[in-house]
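Asker: mind looking at a prediction? Sequence and model below.
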Amino acid sequence: MRQAPWLVVTIIGAFLLSGAARAQQINFKADLSTASEVPPVTGPGTGSATASLDSATKTLTWTVTYSGLSGDVTAAHIHGPAAAGANAGVLVPFKPPLTSPIKQSAPLTDAQISDLEAGRTYINLHTAAHPSGEVRGQLVRAQ
């Protein structure tokens, strides 16, 4: 028995749309500053980050730019879970090279995604002069 072409197209379209509806890009941003470090650091360093979470693949992709640091970035990470003003361990280490702009991606666990969406993660850039971090910024949803 032959199906009507419109029925086949409708079924295929519904299948494709259901998969696309589940995948979502969620955007985040962070303003990195020396004042956001815990404890604060004195210096002219600044930076910014944009990030996008693909909810289907659970992959976070980010771009971090910075300037005015005391020296080369020796390490960079996403830390959490922690609110602004609190410190936490490394969740996602960045891979070299760590020159601006840093463009990378990594898969996240469900717990990491939950912390990210709740604003409990931050980006920290470390230098030789400031091994615990020179600039830091809380990742928050972009408007």
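Answerer: Noted; the coordinates are in hand.

Asker: CA atoms of stretch 24-39 as CSV?
Answerer: Extracted C-alpha coordinates of stretch 24-39, given in CSV (Å, rounded to 0.1, in the frame of the first residue of the first chain):
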residue,chain,number,x,y,z
GLN,A,24,19.3,24.5,22.3
GLN,A,25,22.2,27.0,22.3
ILE,A,26,22.4,28.8,25.6
ASN,A,27,24.7,31.8,25.6
PHE,A,28,26.9,33.0,28.6
LYS,A,29,29.3,35.9,29.1
ALA,A,30,31.8,37.0,31.7
ASP,A,31,33.6,40.2,32.4
LEU,A,32,37.1,39.4,33.7
SER,A,33,38.8,41.8,36.1
THR,A,34,41.4,42.0,38.8
ALA,A,35,38.8,43.2,41.3
SER,A,36,36.8,40.0,40.9
GLU,A,37,39.7,37.8,42.1
VAL,A,38,39.4,36.5,45.6
PRO,A,39,41.2,38.2,47.2
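
Asker: now the most centrally placed residue in the chain: how far from Ala82?
Answerer: Per Cα atoms, centre = their mean, the C-alpha nearest to the average position across the chain is that of Ala51, at 4.3 Å. Counting by Cβ to Cβ, to the nearest Å, the gap from Ala51 to Ala82 is 17 Å. For glycine as for every other residue, the C-beta is placed from the backbone atoms N, C-alpha and C.

Asker: ditto for Glu117
Answerer: 15 Å.

Asker: do the same with Pro101
Answerer: From Pro101 to Ala82 the distance is 25 Å (Cβ to Cβ).
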